[in-house]
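Engineer: need a structure here:
(3 chains)
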Amino acid sequence: MTPEAKPKGSPVPSDKTNNGLYGRDILSVNQFSKQDLEYIFKVSKEMRTLVERFGSADLLQGKILANLFYEPSTRTSSSFIAAMERLGGKVIPIHGVKYSSVSKGESLPDTVRTLEAYADVIAIRHPEVGSAAIAAHYAKVPVINAGDGVGEHPTQALLDLFTILEEMGRIDGLRIAMVGDLKYGRTVHSLARLLRHYDVEMVFVSPDILRMPKHILEEVTERGQKYEETDNLQDTISNVDVLYVTRVQKERFEDLSEYERVKGFYIVDDEIMKKAKKDMIVMHPLPRVGEIAYTVDNDPRAAYFRQVRNGMFVRMALLAAVLGKA
Amino acid sequence: MTPEAKPKGSPVPSDKTNNGLYGRDILSVNQFSKQDLEYIFKVSKEMRTLVERFGSADLLQGKILANLFYEPSTRTSSSFIAAMERLGGKVIPIHGVKYSSVSKGESLPDTVRTLEAYADVIAIRHPEVGSAAIAAHYAKVPVINAGDGVGEHPTQALLDLFTILEEMGRIDGLRIAMVGDLKYGRTVHSLARLLRHYDVEMVFVSPDILRMPKHILEEVTERGQKYEETDNLQDTISNVDVLYVTRVQKERFEDLSEYERVKGFYIVDDEIMKKAKKDMIVMHPLPRVGEIAYTVDNDPRAAYFRQVRNGMFVRMALLAAVLGKA
Amino acid sequence: MTPEAKPKGSPVPSDKTNNGLYGRDILSVNQFSKQDLEYIFKVSKEMRTLVERFGSADLLQGKILANLFYEPSTRTSSSFIAAMERLGGKVIPIHGVKYSSVSKGESLPDTVRTLEAYADVIAIRHPEVGSAAIAAHYAKVPVINAGDGVGEHPTQALLDLFTILEEMGRIDGLRIAMVGDLKYGRTVHSLARLLRHYDVEMVFVSPDILRMPKHILEEVTERGQKYEETDNLQDTISNVDVLYVTRVQKERFEDLSEYERVKGFYIVDDEIMKKAKKDMIVMHPLPRVGEIAYTVDNDPRAAYFRQVRNGMFVRMALLAAVLGKA
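Structural biologist: Numbers count the residues shown, from 1 in each chain, chains lettered A, B, ... in the order given. Next comes the predicted model:
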């Protein structure tokens, strides 16, 4: 609640601070140093132990999270609520906010300055790119970006990376394929950016019109990272440790015959899983709509529901960290 | 949170288990043995004592309820929230779910498997018959059916029966009339089914076109239960211990003149209460829209608001029981 | 939860009771004696200390607030939730209630009698004047009016007055200007009424067609209070201790050219702030839509966000008081 706890405006790069994430905003995957990531994953792992042994803790007793969702997202909003509640904190759920009516009535800065009068931390989901940064600029309490349109969704990227670490025991040395809509997919962009901190091989599998954007490829290679591009999942599957699946949406195609031609190539089913390694994992940010067959759910390599649960642990770690209690 | 705690798929009949309701789903009134009912009512009574003396307890500290309401029901959703909160547990309120949008985006099994990553128990209200059973089939945590369309609403039936027990001191030996729309009324069907465990006389009072369905009557007589049917409340009222009122809805009638002819026959007002026994009770699942006159509210025999409160105690008992803390 | 705790129907004037607000409804600013106000502000101040030192307390552990909002009001509903949570209590959030659907389905008295079965106190926001009084008439638990249409919004008036006291150190002797739409503005009417208990000078600054209603002016003078009326903010600003700003809404004007002529006269910007006293404060009930320039926010005299936070402290005080824990 103290204005001094948090630098006004843009966050301090954590490499230059002593105590890491305390009082900071969580806005973008680009803000994290490798040291930050290691810290977050260490605490996330402790959170898993805590939940599995005790269900909850008192770490954030007396703290309140304002959960400000301008667009519905049951998965993400429920995850933040559960994370706060399992740490002994409380929540102001603000889920019915119509974007249009708020833009008519009140500016985002005023809404944020109202909520910080009541709450110790704000999670915000908003359809406009940059909105979380605006909120953070005006708020004296830490702001966590829970998705700002086609912009960033950093807690999703962190839980994705934490899942790889938990499932595979390591990140370095893995061959990680991202499949589907790599052009518009916010999650694969963020994951690729985070993976630059590690020594991995990335394989980008997509139809030609949905290839990973050039600026992401350039960012990836900046630190000497290697990647391959292909449109063929069949040839790729046998040689990857992680298969990160996203949906190929019909509405991305101008030429529908092209969509009809390619759509089946990116569906993960029992047939394709037969070709995959025995100890690989399949991930998905969810919701899925057909791109992973239900029959795959019983395959032990299907990690997407464990991935959901990891989201709660990562958000617990972040809430504890920015409130100085991790 | 442990998958072993709950049998995958259909619930184990409680008569065959040692520890009753722990880890089980609450899906249908048909799942309960008489022993289950006695256990639930004993715990519900303890919950009343607890609330009246202390307001709340710590029994479910560290536990989270996902309150998943696909259709609005302020009464039932608030009752589950209060029940969880008075036991020291916390709630993820998911009340804005539009049925159509979820059906477009994500299947019920995926939603349920997402929520069990965050929560220890799920209460679900859904407009489609069988949806709670589907949810329970996929969830590893206990699922409580909070109403699935014209299907089941078992917690309502339990609170109805608990109210009779609390108000009258016993169930055996009572003469219990159900009045109104007995054809479509989910609550009277479930109550009739639960009453098969007891030695009661049932009187079904309704217009001819809204009579209790044949299959319910057959179920009732299966265990040798007696019942009467009549369309005349005036003649019945003087001789019943419990009058359970439901609404006769205009839209059920093809012939509106028939509706106009009969509607007044099933309205409970001061006049009709004069003919009732001194120690009988009037019940209603609420909301009411005219079928019980407001002037009856001050009559000590009007039990319907006490009935609402009993719902909280019964849901407290069920939450504690399925989580192994009763 | 005990019916005896609260007199049925209209509240007892507090001057005639020993223990002040315990078990009472909070319906109107007119119900408060000066002694009540002093008590509320003393407790509100203690609540500030409590929050700033400890974040939260256990005072209302085991208590539940039903937060019944028939119309959306993120600011007020969030404030009540935070107030209850910071006192260790819990909340049933009922925010999605469509007014029309409830009026179709269930009467307000029945809704209230349902909620009191679950909760220890009810806060109600409803678009119809008098609705909170109806709710209070039927509820056995205390009811707090969180705004009933153009009627009352007593917790807003209390937080406004508390803000003046906190910011200025006193209320007596101040010169307090209210600016903008004084004809329809619920908040300025209530504030003027509360100020009758103090020795202040009031200045009412508005366009001619939006002047303070005659009946409010009469109430103000009843106790010998002095006031001035003017349409000129420029001339007034240099000589006031408190500037309470409200919006001049376009839709109030039949003659739009009249609106265009006057609108700029009531906007508070850096220019006008240069003429104001060094130790005065600017207040606003929020949301604002242009009537205070964003550049004023950094002026230390801008008190409107501190005012928001005071709302939480005042509501904490009221919740604790009516539940007998202050």
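
Engineer: Can you give me the neighbour number for the nearest residue to residue A:120 once chain neighbours are set aside?
Structural biologist: Distance criterion Cβ to Cβ, 6 or more residues apart in numbering or on different chains; nearest residue to residue A:120, sequence neighbours excluded, is residue A:63 at 4.5 Å. C-beta coordinates here come from the backbone N, C-alpha and C atoms, glycine included. Using other Cβ atoms under 10 Å in any protein chain shown, residue A:63 has 24 other residues around it.

Engineer: need the residues of the stretch 101-250 of chain A near chain C, please.
Structural biologist: A:105, A:106, A:109, A:110, A:111, A:113, A:114, A:115, A:117, A:118, A:119, A:120 (Cβ under 8 Å from any Cβ of the partner chain).

Engineer: Could you tell me which of the residues you listed count as buried?
Structural biologist: A:106, A:110, A:111, A:113, A:114, A:115, A:117, A:118, A:119, A:120 (16 or more other Cβ atoms under 10 Å in any protein chain shown).

Engineer: what's the one helix or strand residue A:109 maps to in contact with?
Structural biologist: Counting by DSSP states H and E, the element that carries residue A:109 is helix A:108-115. Here helix A:108-115 makes contact (Cβ atoms under 8 Å, 6 or more residues apart in numbering or on different chains) with A:66, A:68, A:92, A:94, A:102, A:122, A:124, A:126, A:131, A:134-135, A:137-139, A:143, C:74-75, C:78, C:286-288, C:294, C:305, C:308.

Engineer: Give the burial count for residue A:216, as a bare number.
Structural biologist: For residue A:216, using other Cβ under 10 Å, the count is 19.

Engineer: And the pLDDT at the residue of the stretch 201-326 of chain A found nearest chain C?
Structural biologist: Residue of the stretch 201-326 of chain A nearest chain C, by Cβ to the nearest Cβ: residue A:323 (10.1 Å). As predicted, residue A:323 sits at a pLDDT of 96.

Engineer: hang on, it packs against residue A:60?
Structural biologist: Yes: counting by Cβ atoms under 8 Å, residue A:323 touches residue A:60, with 6.2 Å between them.

Engineer: what's the helix or strand for the nearest residue to residue A:207 once chain neighbours are set aside?
Structural biologist: Excluding the flanking residues, the one nearest residue A:207 by Cβ to Cβ, 6+ apart is residue A:262, at 4.6 Å. Assigned by DSSP H and E, residue A:262 belongs to helix A:256-262.

Engineer: I'd like the average pLDDT over that helix.
Structural biologist: On average, helix A:256-262 scores 85.

Engineer: next structured bit after that helix?
Structural biologist: helix A:270-274.

Engineer: ok, residue A:65 - how many residues close by?
Structural biologist: Neighbours around residue A:65, by other Cβ under 10 Å: 27.

Engineer: So it, which state does it fall into?
Structural biologist: strand (DSSP: H, G, I helix; E, B strand; the rest coil).

Engineer: now swap in residue A:145 and tell me
Structural biologist: Reduced to three states by three-state DSSP, residue A:145 is strand.

Engineer: Quick check, pLDDT for the residue lying closest to it once chain neighbours are set aside.
Structural biologist: Nearest residue to residue A:145, sequence neighbours excluded (Cβ to Cβ, 6+ apart): residue A:132, at 3.5 Å. With respect to pLDDT, residue A:132 has a value of 96.

Engineer: just residue A:223 next, same as before
Structural biologist: Residue-level pLDDT assigned to residue A:223 equals 82.

Engineer: same deal with residue A:171?
Structural biologist: 98.

Engineer: what residue of chain A is the furthest out?
Structural biologist: Farthest-out residue of chain A from its mean C-alpha position, per Cα atoms, centre = their mean: residue A:257, at 32.7 Å.

Engineer: so residue A:61 is in which element?
Structural biologist: Going by DSSP H and E, residue A:61 is not in any helix or strand.

Engineer: the strands in chain A, which residues?
Structural biologist: Ranges of strands within chain A are A:64-69, A:90-94, A:121-126, A:143-148, A:175-179, A:201-205, A:226-230, A:242-245, A:281-283, based on DSSP state E.

Engineer: List of residues touching the last one?
Structural biologist: In this structure, residues lying in contact with strand A:281-283 by Cβ under 8 Å, 6+ apart are A:160, A:163-164, A:167-168, A:241-245, A:268, A:273, A:276, A:292, A:296, A:299, A:301-304, A:307.

Engineer: and what of the fifth one?
Structural biologist: Taking Cβ under 8 Å, 6+ apart as the criterion, the residues outside strand A:175-179 that touch it are A:164, A:185, A:188, A:191-192, A:195, A:200-206, A:212, A:233, A:236-237, A:239-246, A:266, A:268.

Engineer: what is the mean pLDDT for it?
Structural biologist: Computed over strand A:175-179, the average pLDDT equals 98.

Engineer: quick one, what contacts the residue in chain A that chain B sits nearest to?
Structural biologist: Using Cβ to the nearest Cβ, the closest approach of chain A to chain B is made by residue A:55 at 3.0 Å. For residue A:55, the contacting residues are A:86, B:1, B:61, B:62, B:63, B:120, by Cβ under 8 Å, 6+ apart.

Engineer: quick one: pLDDT of it?
Structural biologist: Confidence for residue A:55, expressed as pLDDT, is 94.

Engineer: and what of residue A:108?
Structural biologist: Residue A:108 is given a pLDDT of 92.

Engineer: How much space separates it from residue A:68?
Structural biologist: 9 Å (Cβ to Cβ, to the nearest Å).

Engineer: So the two - more neighbours on which side?
Structural biologist: residue A:68 (27 against 20).

Engineer: what bridges to that one?
Structural biologist: Beta-bridge pairing for residue A:68 (DSSP bridges): residue A:94, residue A:124.

Engineer: Spit out the contact partners of it.
Structural biologist: Residue A:68 neighbours (Cβ under 8 Å, 6+ apart): A:94, A:97, A:111, A:112, A:115, A:122, A:123, A:124, A:125.

Engineer: how much space between it and residue A:135?
Structural biologist: Distance from residue A:68 to residue A:135, by Cβ to Cβ: 8 Å.

Engineer: Find residues that contact each of these two.
Structural biologist: Both residue A:68 and residue A:135 are in contact with A:112, A:122, A:124, where contact means Cβ under 8 Å, 6+ apart.

Engineer: Tell me where the model's unsure across the stretch 1-150 of chain A.
Structural biologist: A:1-19, A:96-105 (pLDDT under 70).

Engineer: Where does it get nearest to chain C, which residue?
Structural biologist: For the stretch 1-150 of chain A, Cβ to the nearest Cβ, closest residue to chain C: residue A:62, 3.0 Å.
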